[in-house]
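Trainee: what follows is a predicted structure for the sequence shown.
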Amino acid sequence: MTRLKVLHVITMLELGGAQRNTLDTVAALDRSEFAVALACADVGELLSEAHEVADVEIFEIPHLRREVRPWLDLRAYLEVRRAIRRFRPDIVHTHSSKAGILGRVAAGREGVPIVVHSIHGFGFGPYQSLPVRWAFLSAEKMAARWTTAFVAVSRRNLEDGVRLGLFSEVRGRVIRSGVDLAQFRAHAGGREVRTELGIPVAAPLVVQIACFKPQKAPERFVELAAGLAESFPDAHFLLVGDGQLRSVLERKRGEAGLEGRLHLPGWRRDIPAVLDAATLVTLTSRFEGLPRVVVEALAAGVPVVAMAVDGVSEVVRDGENGFLVAEGDVGGLVSRVAAILRNPELRGRLAGAASQGLAEFERATMVRQQEGLYRELACTAGVRVAESRDGGVQALPVPRVGGAGRGMHG
């Protein structure tokens, strides 16, 4: 039998969790079962890495961008349709808001038999004006008509999708964003990172890794640093990332008098080493799916203090491997971080429990579960598939939002 042809579609291959998830999947899908292609914008920090992946066809979509631009979006939609016609996939698997809308509509119009959409956090919410939120929600509902199955990295996102009427619970699956856990458990490179950035080896170091965009609210990290600086004069603060809010963050750092203590080195590729240097990790986001950096920090044995948005509470166990505070509660964040910095015994207890219970986030597990989902959907749709390496075509069990026992359709 022929291999299943799978086309992944994502907006831009930036340095982010959804992008890393997609690229890891494209690279690791079993080529004896699947022919793989990737459609994405023609810019992005990870695009060169995508071109280095063996046995994958890349379709660069010149007009695909995150911002809403109706005329450019129409051109991007037509470009995605051309990519589908060239590759002729059995499955189109979309990621992110813009590519999720355009890719699913294009797949539906081209008659692709199976369309999967991954939810890495919704692109709409109460932080937006009502008309903007309504427009995004309406677009998601329209695209849902062409969607066979939904995958999310968190149970919370799937529950929200059901509640919002985007899909029925039997069409949803949780497949965690996979991480190379062993890489983060190696505990190497931290001293070199501190030396490079001029951070004393023994200094407490609070780390956050995030794109400098409104969703991640990185300005809250500057407020956190300002709230801790006087009580912990030896502490340093490291905000890894870049983006549209950099100038705002640099100005706020200057106003707080934190030059030399609040480090903004831009994006880094040595995240395991950065986490090896960290005393603890924070997350200040307004919304998320389930951020990989939290899993990575815990795998590295680093306690996490995070705002309890979306799927974060599914991995950060309050008081056990870190602490959770309400979204927007910077004062609570300061208090929890201070407690960890003041109390070595507490810090050791949290760190000792950090790496426990992360097996479902292993990268190989993510890929096997996605392969299993593709086989199941192909069988249901009557698409002929090659046998898997273990001689069968049965799906690996994947958690459903509403529990096991029913198929994907209904």
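Mentor: Okay, I see it.
Trainee: switch to C-alpha atoms for all contacts and neighbour counts from now on
Mentor: OK.
Trainee: elements contacting the host helix or strand of residue 375?
Mentor: Counting by DSSP states H and E, the element that carries residue 375 is helix 363-381. On a contact count with 3 or more Cα pairs under 8 Å, 6 or more residues apart in numbering; DSSP states H and E, helix 363-381 meets helix 17-28, strand 114-119.
Trainee: ok, which of these comes nearest residue 192?
Mentor: Closest to residue 192 of the helices and strands packed on helix 363-381 is helix 17-28 (Cα to Cα; 24.8 Å).
Trainee: and the closest one, how far out from the chain middle?
Mentor: Relative to the chain's own centre, helix 17-28 is displaced by 10 Å; criterion: Cα atoms, centre = their mean, to the nearest Å.
Trainee: and that helix, average pLDDT?
Mentor: Averaged over helix 17-28, pLDDT sits at 93.
Trainee: same for that helix, what does it pack against?
Mentor: With contacts defined as 3+ Cα pairs under 8 Å, 6+ apart, helix 17-28 has these neighbours: strand 34-41, helix 363-381.
Trainee: quick check: mean pLDDT across stretch 189-205?
Mentor: In the prediction, stretch 189-205 has an average pLDDT of 97.
Trainee: over to stretch 228-236?
Mentor: pLDDT averaged over stretch 228-236 gives 97.
Trainee: using CSV, write out every CA atom in it.
Mentor: Extracted C-alpha coordinates of stretch 228-236, given in CSV (Å, rounded to 0.1, in the frame of the first residue of the first chain):
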residue,chain,number,x,y,z
LEU,A,228,12.7,41.9,44.1
ALA,A,229,15.8,44.0,43.4
GLU,A,230,16.0,45.8,46.8
SER,A,231,15.3,42.7,49.0
PHE,A,232,17.8,40.5,47.0
PRO,A,233,20.7,42.8,46.0
ASP,A,234,22.7,39.9,44.6
ALA,A,235,20.0,38.6,42.4
HIS,A,236,20.1,38.8,38.6
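Trainee: which parts of stretch 103-120 are buried?
Mentor: Neighbour counts over stretch 103-120 (16 or more other Cα atoms under 10 Å) mark 103-108, 111-120 as buried.
Trainee: so where is the stretch 101-250 of the chain shaky, pLDDT-wise?
Mentor: Along the stretch 101-250 of the chain, segments meeting pLDDT under 70 span 123-128.
Trainee: what are the boundaries of the helices in it?
Mentor: Under the criterion DSSP state H, counting those that start in this stretch, the stretch 101-250 of the chain carries helices at the ranges 130-144, 155-163, 181-185, 190-197, 219-229, 246-255.
Trainee: helices or strands up against the longest one?
Mentor: The helices and strands touching helix 130-144, judged by 3+ Cα pairs under 8 Å, 6+ apart, are helix 97-109.
Trainee: switch to 10 Å and redo it
Mentor: helix 97-109, strand 114-119 (3 or more Cα pairs under 10 Å, 6 or more residues apart in numbering; DSSP states H and E).
Trainee: note down every partner strand of the shortest one and its orientation.
Mentor: The strands that strand 114-119 pairs with in its sheet are strand 91-95 (parallel), strand 149-152 (parallel) (by DSSP bridges).
Trainee: list the contacts for residue 180?
Mentor: Counting by Cα atoms under 10 Å, 6 or more residues apart in numbering, residue 180 touches 24, 296, 299, 361, 362, 363, 364.
Trainee: now, which of those residues sits nearest residue 305?
Mentor: Distance ranking of those against residue 305, using Cα to Cα, places residue 296 first at 13.6 Å.
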